[in-house]
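Asks: How does the following fold in three dimensions:
(4 chains)
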Protein chains: 2
Amino acid sequence: MVVYQALRSLIVRGQLAPGSRIVETEVATRLRVSRTPVRGALQRLAHEGYIVDSPSLQQSRPTVAPLTREDAMELFSIVAEVEGLAARYAAVLPAAPSGILLRDLTSLNARFERASRARAPKHDLLYELDEQFHRRYVDAAAGPRLRALHDAVKPQAERYERLYVSLLSRGLAPSVHEHAAIIRAIRSGDPDAAQRAVQTNWRNAAARLGDVITNVGERGQW
Amino acid sequence: MVVYQALRSLIVRGQLAPGSRIVETEVATRLRVSRTPVRGALQRLAHEGYIVDSPSLQQSRPTVAPLTREDAMELFSIVAEVEGLAARYAAVLPAAPSGILLRDLTSLNARFERASRARAPKHDLLYELDEQFHRRYVDAAAGPRLRALHDAVKPQAERYERLYVSLLSRGLAPSVHEHAAIIRAIRSGDPDAAQRAVQTNWRNAAARLGDVITNVGERGQW
DNA sequence: GCGTACAGAACTGTATACAATTATCCCGGG
DNA sequence: CCCGGGATAATTGTATACAGTTCTGTACGC
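Replies: Here you go, the predicted model:
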């Protein structure tokens, strides 16, 4: 588990460059453990999409999954579907939990806006706030199955979301407005509108990110 | 990989009873392999939702995920959304591929009906035909990202679908009719109707299955 | 000079041994 | 009879050794 988190952190932060090979023994010696826990971590990371297998017949040859424009588009469109469904449920929540939800969302979006206006925006903070905003209504409204699906899909988008707030930290105003639109739709109790607002937010984010991705070839070392 | 498939098959067919513990050494000896590949398979199955971890602090204690009414309802509702979206696209397909699709769907539903009328219904065949019916229009109309989502979600419903055709093999007439309604809606070219027909099919299936699930305590041995 | 074949290295797949943690069972006390 | 408490067993976590496969580099032939 500690190995998994260490590797995952290195990958999502880009310190393990996309496309680079990952060798079990090397990771094991660096982290001072044996290959067994490393193997488990790699298998899990492969499932979650952080690692892909180089073409090979019998052996797997894991490499860090590349960050491509197409992949980002596809991933964001899936997140749009899943979180859109959650927002649909959130719109028809009973009054009591709905009130708390709306208050939290408003607060998170306000903090997100303040963070995006800072002279030297903290990318980690921006990512955390955006992430918390979306997770808030998913947790509030989704059943365990939808949440499980969300948990399986969303982490794969983390790399792109971090890229998003890093590359666009100066131009996050549209995101703030789209978040506000989501809040309004949920408050109005219109499931269709809520679902549409979330889908619009993610599709626009995909478009904005796609414009600037092209090739992020920065190869970090650790 | 062979271990994964063997275990998955045992679980989806109910031969490994829901709720029962899974012991690494036992699986290893039965399948005549060591614990190492078994461990990998268990991790993957856990990630895919076939296995859950018993409450424990440091150790994981895997058990076969239970089949509950609530879980079936939620899962089917998600499938209804995903496949409903695919059906929406299928309704507006060009004439040429649409004709082939409609012919295949009609044929599959006819075979499904015949199989359901058999004196001793073959459950495996019934499952396969129902599965193929739905996969046919998804493959024909869904884009890569929707298909990816479908691939992630649908396999988890396999356990419930097999239960469905087993418990209701005598009463599958409604399914046949609902399939026919889906075909008609796609043929008519009405996206809303197609989406609604698929969602109705899954919601009714969930209701029919929910009535008979309650407690499936049959503990299969292998 | 270029291509191919062979030898060696590198790396992953599997098996087994050991350590650590958790569950079970039995026994004694209340 | 029920409730701890502790010893033992059961099970998972980790480490290491070995086997099989793929990649790399070099040398030889054309």
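Asks: Give me the number of neighbouring residues for A:Asp130.
Replies: The local packing of A:Asp130 (other C-beta atoms under 10 Å in any protein chain shown) involves 24 other residues. Where you see a C-beta, it was placed from the backbone N, CA and C, and this is true even at glycine.
Asks: likewise A:Pro121?
Replies: Neighbour count of A:Pro121, defined by other C-beta under 10 Å: 17.
Asks: A:His177 too?
Replies: 14.
Asks: ok, now how distant is it from A:Arg184?
Replies: As judged by C-beta to C-beta, to the nearest Å, A:His177 and A:Arg184 stand 11 Å apart.
Asks: same check, this time on A:Thr29
Replies: Per C-beta to C-beta, A:Thr29 is found 54 Å from A:Arg184.
Asks: Where does pLDDT dip in chain A?
Replies: By pLDDT under 70, the low-scoring segments of chain A are A:55-58, A:214-222.
Asks: Helices along that one, start to end?
Replies: Using DSSP state H, the helices of chain A run over A:2-12, A:24-31, A:35-47, A:69-91, A:95-117, A:123-141, A:144-167, A:173-188, A:191-213.
Asks: quick one, which of those is nearest to B:Val52?
Replies: Minimum separation from B:Val52 across these (C-beta to C-beta) falls at helix A:144-167, 10.2 Å.
Asks: Alongside chain B, which residues does chain A contribute?
Replies: Residues of chain A lying near chain B by C-beta under 8 Å from any C-beta of the partner chain: A:36, A:39-40, A:43-44, A:47-48, A:73-75, A:77-78, A:81-82, A:85, A:143-146, A:148-149, A:152-153.
Asks: make it 7 Å
Replies: Residues of chain A lying near chain B by C-beta under 7 Å from any C-beta of the partner chain: A:40, A:43-44, A:47, A:74, A:77-78, A:81, A:85, A:143-146, A:148-149, A:152.
Asks: Out of those, the closest to DNA strand D would be?
Replies: A:Gly40 (6.4 Å; C-beta to the nearest atom of the strand).
Asks: what about that closest one, neighbour count?
Replies: Residues near A:Gly40, counting by other C-beta under 10 Å, number 16.
Asks: In contact with it, which residues?
Replies: When the contact criterion is C-beta atoms under 7 Å, 6 or more residues apart in numbering or on different chains, the partners of A:Gly40 are B:Arg39, B:Gln43.
Asks: For it, give its distance to B:Arg21.
Replies: As judged by C-beta to C-beta, A:Gly40 and B:Arg21 stand 20 Å apart.
Asks: Now A:Ile22: phi and psi?
Replies: Dihedral angles of A:Ile22 (phi, psi; degrees, to the nearest 10) stand at phi -120, psi 120.
Asks: Wait, it touches A:Thr63, no?
Replies: Yes - using C-beta atoms under 7 Å, A:Ile22 is in contact with A:Thr63, at 6.5 Å.
Asks: Now for those two: what residues contact both?
Replies: Residues touching both A:Ile22 and A:Thr63 (C-beta under 7 Å, 6+ apart): A:Ile51.
Asks: Mind checking which of the two has more residues around it?
Replies: More neighbours surround A:Ile22 than the other of A:Ile22 and A:Thr63, with 20 against 17 (other C-beta under 10 Å).
Asks: quick one, what contacts that one?
Replies: A:Ile22 neighbours (C-beta under 7 Å, 6+ apart): A:Leu42, A:Ile51, A:Pro62, A:Thr63, A:Val64.
Asks: Relative to B:Met1, how far out is it?
Replies: From A:Ile22 across to B:Met1, the span is 20 Å (C-beta to C-beta).
Asks: again, but for A:Ile183
Replies: Here A:Ile183 is placed at a distance of 46 Å from B:Met1 (C-beta to C-beta).
Asks: More neighbours: which of these two?
Replies: A:Ile183 (20 against 9).
Asks: May I have the residues that are in contact with that one?
Replies: Contacts for A:Ile183 (C-beta under 7 Å, 6+ apart) come out as A:Leu102, A:Leu105, A:Thr106, A:Asn109.
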